[in-house]
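K.L.:
any chance you could fold what I've pasted below:
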Amino acid sequence: MATRSPKDFPASFLKSVRVLAGLLIALTLAAAVHESEAPTTLGRWSAPYSWILLLLTGLSLLSAVFALPGPAGLLYRKRGEIILLVLSAAGGLAFLEFAVRLIDPGGISYYEHSTAYHVDKIPDPDTVYKHRPSHHAVYGPTELRTNSFGLRDHEFSREKPDEEMRILLLGDSVTLGSGVPAESTFCARMERTIQAQSPGPVEVINSGVGSYNTEQELAYLKKEGMTFSPDLVLLLYVINDLVPAVPFEPERELSFRGKSVPGKLMLLLKKSWVYRMIHHSIRYGALRRPGRGAPPVRSPDPGVDERAAPNGSAPSSPGAVADPEGWAASRQALVEIATISKEGGVNFALFFWHDHSGPKYLQLLELIRITGGEEGFPVIDSRPWFEGRDLSTITNSTIDSHPNSRGHALVAEQMIEALVRLGLL
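P.N.:
Here you go, the predicted model:
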């Protein structure tokens, strides 16, 4: 029996392989030209995009090898097995995606729910975006019901009734109460606790909006907050306060229109929960909760990672004063909040949400304390609240490190104790 030569295959097959190799190489070169909005690799690409580019480069090199006559012959003879392997891999990935969506390991669904929450906001000329007033929606475990002012709170009058004590809480998704019922937030708990000990009516106003920074919180205080005539203004300062707000364009972020080919590819990948799980593990660490006494790994606030990265790249995690401009803007907003409160005869206090460790985070806390000393407002560090505790029992999930109902109960208790100690209650 005659032995088949490696070249014993249709010429059209070799031509097809070479065309495919050419297309892959062209796609890889085009992808390499792209520059991510927040580059971390070689000053050009984001980490997720770098992995995709590495995969494309590997496929291009492999296709170039099989475009040679010898390897092409082997590819032709093994084409049945290769097709079966590809189909099996595709089926396996599809099953894995289904399993991840069904099991939701680590609470990876947080990304999809937080994105839905963010794009459901409405534009605002002063705060960039805000909640829809008198709105009701469900985002995974979070049922969001807003009052006529667009706040996650019950209805109350703008004009403060006689003898009522009003506390205005400024903040982001931690203050909002991401992942917990409205009645379980530390704002609602504080209202109930203080009311039980007060002879007159008490109103604790929850003005938290996911991904707000200090500048947006200042804008809200100017536009709406002070019209409620608060007796005390509290700000829960979170690391997101350093991240600048960008134009609110949810349609552009979720649309293929105007995006580069790499941007469209990243948008498609973000639809996959498997990709989200891998990306989160690479960027924030393994899918496991921190142990006793360790600060939780900060999960992205709704809109923070995505709002500045419509093409798929994400801003580098704001480590303390790694962004001097971000801190300068945040500090100026803090000074203005303190000034507005002082001029209105209102006490102001800042609670520092200490959910990171390390010298840079401590440096940020020290800068805020210096600002507080200069402007005359107290700064309370929340880190001692969590020391010695099993954080997995007070956070929503491995991925969503926002406090759960037990965590909010702890925050409410510690906040009230601090305010009493400072003579503000």
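K.L.:
give me the mean pLDDT for the helix or strand encompassing residue 361.
P.N.:
Using DSSP states H and E, residue 361 sits in helix 359-375. Averaging pLDDT along helix 359-375 gives 91.
K.L.:
also stretch 401-413?
P.N.:
For stretch 401-413, the per-residue pLDDT averages 95.
K.L.:
any low-confidence regions in the stretch 1-150 of the chain?
P.N.:
Filtered on pLDDT under 70, the stretch 1-150 of the chain yields the residue ranges 1-8, 38.
K.L.:
which residue ranges form the helices in it?
P.N.:
Using DSSP state H, counting those that start in this stretch, the helices of the stretch 1-150 of the chain run over 11-33, 47-66, 69-77, 79-103, 110-119.
K.L.:
got those helices as TSV, with mean neighbour count and distance to residue 214 columns?
P.N.:
Any C-beta I mention is one placed from the backbone N, CA and C, and that applies to glycine too. Output for the helices of the stretch 1-150 of the chain, formatted as TSV (neighbours: other C-beta atoms under 10 Å; distance: least, C-beta to C-beta, whole Å):
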stretch	mean neighbour count	distance to residue 214
helix 11-33	15	37
helix 47-66	17	27
helix 69-77	16	59
helix 79-103	11	36
helix 110-119	21	19
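K.L.:
ok, which stretches of this protein are strands?
P.N.:
All strands of the chain, identified by DSSP state E, fall at 122-124, 128-130, 136-139, 142-145, 165-170, 202-206, 232-237, 347-352, 379-381.
K.L.:
who are the packing partners of the last one?
P.N.:
Okay, so that is strand 379-381. For strand 379-381, the packing partners by 3 or more C-beta pairs under 8 Å, 6 or more residues apart in numbering; DSSP states H and E come out as strand 347-352, helix 359-375.
K.L.:
export the ones you listed to CSV and tack on mean neighbour count?
P.N.:
Converted to CSV, the helices and strands packed on strand 379-381 look like this (neighbours: other C-beta atoms under 10 Å):
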stretch, mean neighbour count
strand 347-352, 23
helix 359-375, 16
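K.L.:
need the ones you listed in JSON lines (columns: distance to residue 181).
P.N.:
Converted to JSON lines, the helices and strands packed on strand 379-381 look like this (distance: least, C-beta to C-beta, whole Å):
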{"stretch": "strand 347-352", "distance to residue 181": "22"}
{"stretch": "helix 359-375", "distance to residue 181": "30"}
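K.L.:
from residue 74, how far out is residue 23?
P.N.:
According to C-beta to C-beta, to the nearest Å, residue 23 stands 21 Å off from residue 74.
K.L.:
pLDDT score for residue 272?
P.N.:
At residue 272 the predicted local confidence, pLDDT, stands at 91.
K.L.:
thinking again about what came up before, out of the strands of the chain, nearest to residue 58?
P.N.:
Among those, the nearest to residue 58 by C-beta to C-beta is strand 136-139 (37.9 Å).
K.L.:
what's the neighbour count on the closest residue in space to residue 245 that isn't next to it in sequence?
P.N.:
Spatial nearest neighbour of residue 245, chain neighbours left out: residue 128 (4.5 Å); criterion: C-beta to C-beta, 6 or more residues apart in numbering. Burial of residue 128 is recorded as 21 neighbouring residues (other C-beta atoms under 10 Å).
K.L.:
is it true that residue 128 touches residue 244?
P.N.:
No - using C-beta atoms under 8 Å, residue 128 makes no contact with residue 244, being 10.0 Å away.
K.L.:
thinking again about what came up before, can you list the helices of the stretch 1-150 of the chain in JSON lines and add distance to residue 187?
P.N.:
JSON lines is the format used below for the helices of the stretch 1-150 of the chain (distance: least, C-beta to C-beta, whole Å):
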{"stretch": "helix 11-33", "distance to residue 187": "46"}
{"stretch": "helix 47-66", "distance to residue 187": "35"}
{"stretch": "helix 69-77", "distance to residue 187": "64"}
{"stretch": "helix 79-103", "distance to residue 187": "33"}
{"stretch": "helix 110-119", "distance to residue 187": "18"}
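K.L.:
ok, which of the ones you listed comes nearest residue 249?
P.N.:
Smallest distance to residue 249 across the helices of the stretch 1-150 of the chain (C-beta to C-beta): 9.7 Å, for helix 110-119.
K.L.:
distance between that closest one and the chain's centre?
P.N.:
Distance, stretch centre to chain centre, for helix 110-119: 9 Å (C-alpha atoms, centre = their mean, to the nearest Å).
K.L.:
distance of residue 329 from residue 246?
P.N.:
Applying C-beta to C-beta to residue 329 and residue 246 gives a distance of 13 Å.
K.L.:
then residue 130?
P.N.:
Residue 130 sits 15 Å away from residue 246, taking C-beta to C-beta as the criterion.
K.L.:
swap in residue 239?
P.N.:
For residue 239, the distance to residue 246 - C-beta to C-beta - is 17 Å.
K.L.:
the two: who's more crowded?
P.N.:
Neighbours per residue (other C-beta under 10 Å) separate residue 239 from residue 246, with residue 239 holding more: 22 against 15.
K.L.:
pretty sure that one contacts residue 353?
P.N.:
Yes - the pair residue 239 / residue 353 is scored as a contact, 7.5 Å apart, by C-beta under 8 Å.
K.L.:
any common contacting residues for these two?
P.N.:
By C-beta atoms under 8 Å, 6 or more residues apart in numbering, residue 239 and residue 353 have no common neighbours.
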